[in-house]
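Peer 1: Below: sequence and its predicted model.
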Amino acid sequence: MEELARRLGCTGRHLRRAFMAEYHVTPVQYLQTCRLLLARNLLADTDLSIIDVAMAAGFGSLRRFNALFRKHYRLAPTALRKQAATHGRQGTGVTLALGYRPPFQWQTILEFLASRAIPGVELVRDGEYLRTVRFATGTPPAVSGWIRVGHQPGKRVLTVTMDAALLPVLSRVLARVRHLFDLHCDPGTIYETLSSMNDIRPGLCVPGIRLPGCFDAFEMAVRAVLGQQITVKAAGTLAARLVQAHGIPVETGIAGLTHVFPAPETIMALQGAGAIGDHLGPLGITGARARTILALARLFGTGDADFGHGALPETGIETLMAVPGIGMWTAHYIAMRAMGWPDAFPHTDHGVRKALAPRTPEQILALAESWRPWRAYATINLWNSL
């Protein structure tokens, strides 16, 4: 709780008071309810054992889980399981559903992710998004596996199928999927503000557009640096080489998913065996970008800065722009996708300028004032219009 308060720039006491005033429950009660809801879904949609459900949902004790479940639902976990037809587990995978507010432009966000997918780590196939994942758990070894995300528009949910090996970090996986696909978005509120974009050109703003987030902030930041001043396809080639050379091999049983993206510590360790350019240069990465990637690895690896979802964007952008090789465009792009800042606006971006031609960057900034606080969504709409 204190850590969350620190990230929000307030005291723990103030956060608890504000939370109670807004939601009429304490943060602990809210978290407890979220865990119970996740446990209920696992009981209904998988054939996991009761103790596995309790642990995956974040309860440290089976006795505590049973007591809270009975108190909340007036039903034992085993009784709920008997009422539900289990169908979520297939082979080594576990499938859960995450809801969203419609409309949801699934194909649009899928195409965005497909064009930027890192070979070996991510792929889009048959209308689904798949990737490898790895989580440190505090005690070695780290947990690795795969996830697959699909769409069921009739039910207004995304389906998340994951390797059973990821059950110890289930809540973290689901949180990152929500961020990646922007499931907290309220599309009606956003469209209400951005619909004026259609006065510029009919159809410029589409209801239900999501802000593509990321699953791993360091991975996305490195991908952004590799994409500076070159094509999206060329950046993907460089990222694929980096993964093959320094990524962590992982067995998934899925063709095309072979590695986990290099961790910050992996990149930092390269410096001890010669100049960073000696390791990344042969991959086609310039010396300047190699040094920028090393600087990012130090920021992420040491925990000196927070670039995760919900981090303070102004602070993050200021920290990023202090890194040699990172300018306003890259900083705003990372803030948009890694931090989930809805008002990020890389106004000098080539695509933004092309979509709003012949306006100057200054005129574009002035025009975008009416789009606050949703300028990042406006950016995605502008890119999609090209």
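Peer 2: It's in.

Peer 1: buried ones in the helix or strand hosting residue 13?
Peer 2: Element membership for residue 13, per DSSP states H and E: helix 12-23. Buried residues in helix 12-23, defined by neighbour count with 16 or more other Cβ atoms under 10 Å: 15, 19. The C-beta positions use only the backbone N, C-alpha and C, and glycine is treated the same way.

Peer 1: for that helix, packing partners?
Peer 2: helix 2-8, helix 27-45 (3 or more Cβ pairs under 8 Å, 6 or more residues apart in numbering; DSSP states H and E).

Peer 1: In TSV: the ones you listed, plus mean neighbour count and mean pLDDT.
Peer 2: Formatted as TSV, the helices and strands packed on helix 12-23 follow (neighbours: other Cβ atoms under 10 Å; pLDDT from 0 to 100):
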stretch	mean neighbour count	mean pLDDT
helix 2-8	13	77
helix 27-45	17	87
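
Peer 1: and of these, who's closest to residue 233?
Peer 2: helix 2-8 (36.0 Å; Cβ to Cβ).

Peer 1: what about the protein, any weak spots by pLDDT?
Peer 2: The chain contains residues with pLDDT under 70 at 84-92, 273.

Peer 1: thinking again about what came up before, tell me the angle the helix holding residue 13 makes with helix 27-45.
Peer 2: 60 degrees (axes from the mean of the first three to the mean of the last three Cα atoms, to 10 degrees).

Peer 1: List the neighbours of helix 12-23 that are in contact with it.
Peer 2: Residues from elsewhere that reach helix 12-23 (Cβ atoms under 8 Å, 6 or more residues apart in numbering): 1, 2, 4, 5, 8, 10, 25, 26, 27, 30.

Peer 1: For residue 269, the count of nearby residues, please.
Peer 2: 15 (other Cβ atoms under 10 Å).

Peer 1: now for the helices and strands packed on helix 12-23, which one comes closest to residue 256?
Peer 2: Closest to residue 256 of those, according to Cβ to Cβ: helix 27-45, at 26.7 Å.

Peer 1: Which strands or helices does that closest one pack on?
Peer 2: helix 12-23, helix 50-56, helix 62-73, helix 77-83, strand 93-99, helix 170-180.

Peer 1: Quick one: these as TSV, columns for distance to residue 244 too.
Peer 2: Shown next, in TSV, are the helices and strands packed on helix 27-45 (distance: least, Cβ to Cβ, whole Å):
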stretch	distance to residue 244
helix 12-23	44
helix 50-56	33
helix 62-73	43
helix 77-83	44
strand 93-99	26
helix 170-180	23
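
Peer 1: Nearest to residue 105, out of the ones you listed?
Peer 2: helix 170-180 (14.6 Å).

Peer 1: Out of the helices and strands packed on helix 12-23, the one nearest residue 117 is which?
Peer 2: That would be helix 27-45 among the helices and strands packed on helix 12-23, by Cβ to Cβ, at 27.6 Å.

Peer 1: what angle do that closest one and helix 62-73 make?
Peer 2: Computed by the same axes, to 10 degrees, the angle between helix 27-45 and helix 62-73 is 90 degrees.

Peer 1: send the alpha carbons of the helix holding residue 13 over as CSV?
Peer 2: Extracted in CSV, the C-alpha atoms of helix 12-23 (Å, rounded to 0.1, in the frame of the first residue of the first chain):
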residue,chain,number,x,y,z
GLY,A,12,-0.6,5.9,2.4
ARG,A,13,-3.1,7.5,4.9
HIS,A,14,-4.3,9.9,2.2
LEU,A,15,-4.7,7.1,-0.4
ARG,A,16,-6.7,5.0,2.0
ARG,A,17,-9.0,7.9,2.9
ALA,A,18,-9.5,8.8,-0.8
PHE,A,19,-10.1,5.2,-1.7
MET,A,20,-12.8,4.8,1.0
ALA,A,21,-14.5,8.1,0.0
GLU,A,22,-14.7,7.0,-3.7
TYR,A,23,-15.5,3.3,-3.4
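
Peer 1: picking up where we left off before, and residue 328, which of the helices and strands packed on helix 12-23 is closest to it?
Peer 2: helix 2-8 (23.7 Å).

Peer 1: what does that closest one contact?
Peer 2: 11, 12, 14, 15, 306, 310, 311, 312.

Peer 1: Pick the one among those closest to residue 330.
Peer 2: Nearest to residue 330 among the contacts of helix 2-8, with distances taken as Cβ to Cβ, is residue 311, at 16.0 Å.

Peer 1: Now the closest one: closest residue in space that isn't a chain neighbour?
Peer 2: residue 339 (4.8 Å; Cβ to Cβ, 6 or more residues apart in numbering).

Peer 1: Over to residue 383?
Peer 2: residue 351 (4.8 Å).

Peer 1: Please name the residues that touch the one you found.
Peer 2: So residue 351 contacts 382, 383, 386 (Cβ under 8 Å, 6+ apart).

Peer 1: Can you tell me which of those residues comes closest to residue 148?
Peer 2: residue 383 (25.7 Å).

Peer 1: what's in contact with the helix or strand hosting that closest one?
Peer 2: Assigned by DSSP H and E, residue 383 belongs to helix 375-384. In this structure, residues lying in contact with helix 375-384 by Cβ under 8 Å, 6+ apart are 108, 112, 190, 194, 197, 204-206, 209-212, 336, 341-346, 349, 351-352, 355-356, 368, 371.

Peer 1: my guess is the residue nearest to residue 311 meets residue 315, correct?
Peer 2: No: under the criterion of Cβ atoms under 8 Å, residue 339 is not in contact with residue 315, lying 9.8 Å apart.

Peer 1: So these two - more neighbours on which side?
Peer 2: residue 339 (25 against 14).

Peer 1: distance of the more buried one from residue 217?
Peer 2: 8 Å (Cβ to Cβ, to the nearest Å).

Peer 1: any common contacting residues for these two?
Peer 2: 307, 308, 309.
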